[in-house]
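Visitor: After the sequence you'll find the predicted model.
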Amino acid sequence: MAFSNLSDFLAMGGYGFYVWLSYGISALSIVLYIIFVRVQGKKIISDMYAQQAREARIAKAKAEEKI
Amino acid sequence: MFTWLHPYAKTERAYALCQSLFPYFLSAAILGLVIGLVWGLAFAPPDYQQGDSFRIIYIHVPSAILAMGTYVAMATAGFVGLVWQWKTAYMSMIAIAPVGALMTFISLFTGAAWGKPMWGTWWIWDARLTSQLILLFLYFGVMALYAAFSDKQQAGKAAAIIALVGVINIPIIHYSVEWWNTLHQGSTITKIGRPSIVPEMKWPLLVSIAGFIGLIGTLVLLQLKNVILMREAHRPWVKKLLLTTPTKGGK
Amino acid sequence: MSPLMSIFKRDWQLAMRQKSEFIQPLVFFMLVITLFPIGVGPGLEILQKIGPGVIWVAAILSALLGMEKLFRDDFNDGFLEQIQLSGVPLALAMSIKVFCHWLLFILPLILVSPLLALFLNLTPAMYWALLATLLLGTPILSFVGAIAVALTVGLQRGGILLSLILIPVFIPLLIFATSVVDSAIFGLNYWPQLAIIGAMLCGAIAITPFAMSYAIRVSHH
């Protein structure tokens, strides 16, 4: 271990702000990206359901028209 | 020679490949990042010149190197698309782009956060920072061009051409910026452990790089699945895969 | 008259009918350069220091502005498709168009540059170096830019996209061009940098026509 206790570890020899800022923003941006991809994926699925519902409505309307 | 790749020209097979590769890249990412970063943050000895701030290297160097490597991967995917006309190649290319841009951003940000304590300034027109910034713009260009076309096959071709123009440019940008920088360099140049890096610092770095490769693979696979699904939404295999309720009178 | 000559003549005559079209980038060039003394103050030393860079940046922006119409009309009315169907090599035909475009849109910028050098307090030594870089470097802007123009010609909203794609690609040229003028300030030999720009130009003329014609084929469907 390069540090004797937790507060030394967090302080990073005086450079704590910069080190944790780097690690923090990097982690945050990766997490945000993953969230973005998941939200995008959910939207794809919900769009597909919406499209399916739309097609069903159209088919139903056409069937009623013919009657 | 690459006939084993041919099945992956079909989007369904490519999607299945994403699913099967995902666990491997995810494990590599988690293992590599956790081990490498914990080792680098807590166990590697402090640098005699830079103290503990050098620990930023474990994120900065992998992201910087891989930002460029990812660009080459993206351009290669584009090249495969142009030569063999594979949809999945174009899809891979455009899935890689945002991940590469993310890596470039991380390298720029961590570089700035490292530069502030070391050079006294958040930004400096250092050759590497400048090249990375231009690389970020190249990524944006590819993504913007792809987004501008509604016909995604055409979009893929156009973006692939621009990606290739960019890849030819990368060495030129690097050398010209380095050259420009040495002409105009006014402030002090800091040696960031250039001549030799002790094993206690080097090994966590290598593990981190492996972790980042896993991370990039994981993120690209996630994005690629979305790209495939978006473009193939009307296909039966996608409907079967995603829609849990059966279609009524559908195809 | 050879088909290539007739393509050149056609482009020339069409442009001449709408002279305002190529006056615009010229005026833009002068206006942008005029902004700098106003923005940074009239201090002669500063203007001289930033002068070559400002002229080159303004040239890049003006070139990007004028480049959009390079293939648009011929793409829209099917002229480029006609060329593909005729025996004329598309790459060559497009190069002629690019050259004609350079003569009409960019050469005026170079012709007006002495005046702008005066505005920015450049010394004669600096100006000759600048002129050399403009003569060798601006055709690179046109030829390499034409690839991106060919890719985006079918798009409704092109505009800023073209600049977004091309500016990173033009950065090395900008670096070498301003380095030439900087060397001129110190009386140093600037032939090496000029030679590199010349090499870029040769490479551009040799390779870009094929990329251009491929790009226009991509745009056609």
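Guide: That came through, no problem.
Visitor: Now the residue of chain C found nearest chain A: which helix or strand?
Guide: Nearest residue of chain C to chain A, counting by Cβ to the nearest Cβ: residue C:164, 21.3 Å away. Bear in mind the C-beta positions are built from the backbone N, C-alpha and C, glycine included. Using DSSP states H and E, residue C:164 maps to helix C:160-185.
Visitor: Pull out the buried residues from whichever helix or strand comes after that helix.
Guide: Sequence-wise, the next helix or strand downstream of helix C:160-185 (DSSP H and E) is helix C:191-220. For helix C:191-220, a neighbour-count test (16 or more other Cβ atoms under 10 Å in any protein chain shown) marks C:193-194, C:196-197, C:200-201, C:204, C:208-209, C:211-216, C:218-219 as buried.
Visitor: For residue B:86, grab the count of nearby residues.
Guide: 21 (other Cβ atoms under 10 Å in any protein chain shown).
Visitor: For the stretch 151-251 of chain B, which residues are neighbours of chain C?
Guide: Within the stretch 151-251 of chain B, the positions lying close to chain C (Cβ under 8 Å from any Cβ of the partner chain) are B:151, B:154, B:157-158, B:161-162, B:165-166, B:169, B:172-173, B:176-177, B:179-180, B:183.
Visitor: Buried ones among those?
Guide: B:154, B:157-158, B:161-162, B:165-166, B:169, B:172-173, B:176-177, B:179-180.
Visitor: right, and the pair among the residues you listed with maximum separation?
Guide: B:154 and B:179 (37.7 Å; Cβ to Cβ).
Visitor: Mind giving me the packing neighbours of the helix or strand where residue B:175 lies?
Guide: In the assignment (DSSP H and E), residue B:175 maps to helix B:152-184. Here helix B:152-184 is seen to pack against helix B:57-84, helix B:87-119, helix B:127-148, helix C:124-152, helix C:160-185, helix C:191-220 when contacts are counted using 3 or more Cβ pairs under 8 Å, 6 or more residues apart in numbering or on different chains; DSSP states H and E.
Visitor: where does chain C dip in pLDDT?
Guide: C:158 (pLDDT under 70).
Visitor: Give me the outermost residue of it relative to its centroid.
Guide: Largest separation from the mean C-alpha position in chain C: residue C:43, at 29.5 Å (Cα atoms, centre = their mean).
Visitor: For it, give me phi and psi.
Guide: Torsion angles at residue C:43 (phi, psi; degrees, to the nearest 10) stand at phi -60, psi 120.
Visitor: Residue B:47 now?
Guide: According to degrees, to the nearest 10, residue B:47 has phi -70, psi 140.
Visitor: Distance-wise, check it relative to residue A:18.
Guide: 14 Å (Cβ to Cβ, to the nearest Å).
Visitor: ok, now residue C:162?
Guide: Counting by Cβ to Cβ - residue C:162 and residue A:18 are separated by 39 Å.
Visitor: and if you look at residue C:140?
Guide: From residue C:140 to residue A:18 the distance is 41 Å (Cβ to Cβ).
Visitor: now, among the residues of the stretch 151-251 of chain B next to chain C, which is nearest to residue B:69?
Guide: residue B:166 (13.9 Å).
Visitor: contacting residues for the nearest residue to that closest one once chain neighbours are set aside?
Guide: Excluding its sequence neighbours, the residue lying closest to residue B:166 (Cβ to Cβ, 6 or more residues apart in numbering or on different chains) is residue B:138, at 4.3 Å. Listed by Cβ atoms under 8 Å, 6 or more residues apart in numbering or on different chains, the contact set of residue B:138 reads B:71, B:166, B:169, B:170, C:168.
Visitor: what's the spacing between the residue positioned nearest the centre of chain A and residue A:29?
Guide: The centre of chain A sits closest to residue A:35, judged by Cα atoms, centre = their mean, with a distance of 0.7 Å. Residue A:35 is 11 Å from residue A:29, where distance means Cβ to Cβ.
Visitor: One more: residue C:27?
Guide: Distance from residue C:27 to residue A:29, by Cβ to Cβ: 43 Å.
Visitor: Am I right that residue B:237 is in contact with residue B:12?
Guide: Yes - Residue B:237 is within contact range of residue B:12, at 4.8 Å (criterion: Cβ atoms under 8 Å).
Visitor: Compare neighbour counts for these two and give me the winner.
Guide: residue B:12 (17 against 13).
Visitor: Quick check: pLDDT value at the more buried one.
Guide: For residue B:12, the pLDDT comes out at 89.
Visitor: And the one 3 residues further on, by the same measure?
Guide: pLDDT, the model's per-residue confidence, is 92 for residue B:15.
Visitor: same question, residue A:35
Guide: 97.
Visitor: any idea which helix or strand carries it?
Guide: Going by DSSP H and E, residue A:35 is part of helix A:16-66.
Visitor: Point me to the residue of the stretch 151-251 of chain B nearest chain C.
Guide: residue B:176 (4.0 Å).
Visitor: And that residue, how far from residue C:171?
Guide: 8 Å.
Visitor: Around chain B, which positions in chain A sit nearby?
Guide: A:1-3, A:9, A:12-16, A:18-19, A:21-23, A:25-26, A:29-30, A:33-34, A:37-38, A:40-41, A:44-45, A:47-49, A:51-52, A:55-56, A:59.
Visitor: just the buried members of those?
Guide: A:2-3, A:9, A:12-13, A:15-16, A:18-19, A:21-23, A:25-26, A:30, A:33, A:37, A:41, A:44, A:48, A:52.
Visitor: Low-confidence regions, the chain specifically.
Guide: By default, I'm working from chain A. A:67.
Visitor: nope, chain B please
Guide: In chain B, residues with pLDDT under 70: B:1, B:183-196, B:245-251.
Visitor: Mind doing that once more with 90?
Guide: B:1-13, B:39-55, B:111-112, B:114-132, B:150, B:168-203, B:233-251 (pLDDT under 90).
Visitor: sorry, back to before: which secondary structure elements does the helix holding residue C:164 contact?
Guide: Partner elements for helix C:160-185 (3+ Cβ pairs under 8 Å, 6+ apart): helix B:127-148, helix B:152-184, helix C:44-67, helix C:124-152, helix C:191-220.
Visitor: With distance to residue B:231 added, can I get the ones you listed in a markdown table?
Guide: Shown next, in a markdown table, are the helices and strands packed on helix C:160-185 (distance: least, Cβ to Cβ, whole Å):
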| stretch | distance to residue B:231 |
| --- | --- |
| helix B:127-148 | 12 |
| helix B:152-184 | 6 |
| helix C:44-67 | 31 |
| helix C:124-152 | 20 |
| helix C:191-220 | 18 |
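Visitor: and of these, who's closest to residue B:219?
Guide: Across the helices and strands packed on helix C:160-185, closest to residue B:219 is helix B:127-148 (Cβ to Cβ), at 13.9 Å.
Visitor: Check which residues of the host helix or strand of residue C:35 are buried.
Guide: Taking DSSP H and E as the criterion, residue C:35 maps to helix C:19-40. Buried residues in helix C:19-40, counting neighbours by 16+ other Cβ under 10 Å, are found at C:22, C:25, C:26, C:28, C:29, C:30, C:32, C:33, C:36, C:37.
Visitor: Could the C-alpha coordinates of that helix be exported in CSV?
Guide: What follows is helix C:19-40, C-alpha atoms only, in CSV (Å, rounded to 0.1, in the frame of the first residue of the first chain):
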residue,chain,number,x,y,z
LYS,C,19,-21.0,37.3,-60.9
SER,C,20,-22.5,38.0,-57.5
GLU,C,21,-21.9,34.4,-56.6
PHE,C,22,-18.2,34.7,-56.6
ILE,C,23,-18.1,38.2,-55.4
GLN,C,24,-19.6,37.0,-52.1
PRO,C,25,-16.8,34.9,-50.9
LEU,C,26,-14.4,37.7,-51.8
VAL,C,27,-16.3,40.3,-49.8
PHE,C,28,-16.6,37.8,-46.9
PHE,C,29,-12.8,37.3,-47.0
MET,C,30,-12.2,41.0,-46.7
LEU,C,31,-14.8,41.5,-44.0
VAL,C,32,-13.5,38.7,-41.9
ILE,C,33,-10.0,40.0,-42.1
THR,C,34,-11.3,43.5,-41.3
LEU,C,35,-12.9,42.1,-38.1
PHE,C,36,-9.5,41.3,-36.6
PRO,C,37,-8.0,44.8,-36.3
ILE,C,38,-11.4,45.9,-34.9
GLY,C,39,-11.5,42.9,-32.5
VAL,C,40,-7.9,42.9,-31.2
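Visitor: Many thanks, have a good one.
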